[in-house]
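Asker: quick one: sequence plus predicted model below, questions after.
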Amino acid sequence: MNKTFSFVVLCALFIVLLGNAQKTNAATCNPQELLPCASYLSSGAPPSVACCSKLKAQQPCYCGYIKNPSLGQYINSPNAKKVASACGIPIPKC
């Protein structure tokens with residue numbers, strides 16, 4: 001598979017899974033707010049200021065995302081940890 005196709009598939013899957021996220025904290029916890037970081041998860045490139053800002057805003061929601069079977073695998077992925085680390089945000093142990 002070429003990289004472009006893989007990236008498109010990854011982004012599509014990410015968006016679909018985010019749409020299936022828990023709605024219990026919809027007012028404050030919205031995983032779609034993390035979409036500015038999607039390209040950095042697959043590329044390994046340093047995250048943008050916009051990505052880091054969204055990660056910081058959604059930080060109180062991480063445990064809920066980790067416990068969500070559709071999202072946990074992304075939050076705990078090596079690239080997600082690299083992006084969070086680059087933004088100075090620890091991934092919590094829930």
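Answerer: Thanks, I have the structure now.

Asker: helices of the protein, start to end?
Answerer: Taking DSSP state H to define them, one finds helices in the chain at 3-19, 38-43, 49-58, 62-67, 72-75, 78-86.

Asker: how many residues are close by residue 52?
Answerer: Applying other C-beta atoms under 10 Å, we find 20 residues neighbouring residue 52. The way it works is simple: take the backbone N, C-alpha and C, and place the C-beta from them, glycine included.

Asker: brain fart, residue 48
Answerer: With other C-beta under 10 Å as criterion, residue 48 counts 14.

Asker: re earlier: mean pLDDT lowest where, among the helices of the chain?
Answerer: Of all these, the minimum mean pLDDT falls on helix 3-19 (a mean of 39).

Asker: can you tell me how far residue 47 sits from residue 63?
Answerer: 21 Å (C-beta to C-beta, to the nearest Å).

Asker: so between the two, which is more surrounded?
Answerer: residue 47 (23 against 15).

Asker: the more buried one contacts residue 88, doesn't it?
Answerer: No: judged on C-beta atoms under 8 Å, residue 47 makes no contact with residue 88 at a distance of 10.5 Å.

Asker: quick check: closest non-adjacent residue to residue 72.
Answerer: With C-beta to C-beta, 6 or more residues apart in numbering as the criterion, residue 72 has its nearest non-adjacent residue at 4.8 Å, and that residue is residue 66.

Asker: what count of nearby residues applies to the one you found?
Answerer: Using other C-beta under 10 Å, residue 66 has 17 other residues around it.

Asker: distance of it relative to residue 30?
Answerer: Relative to residue 30, and taking C-beta to C-beta, residue 66 is found at 16 Å.
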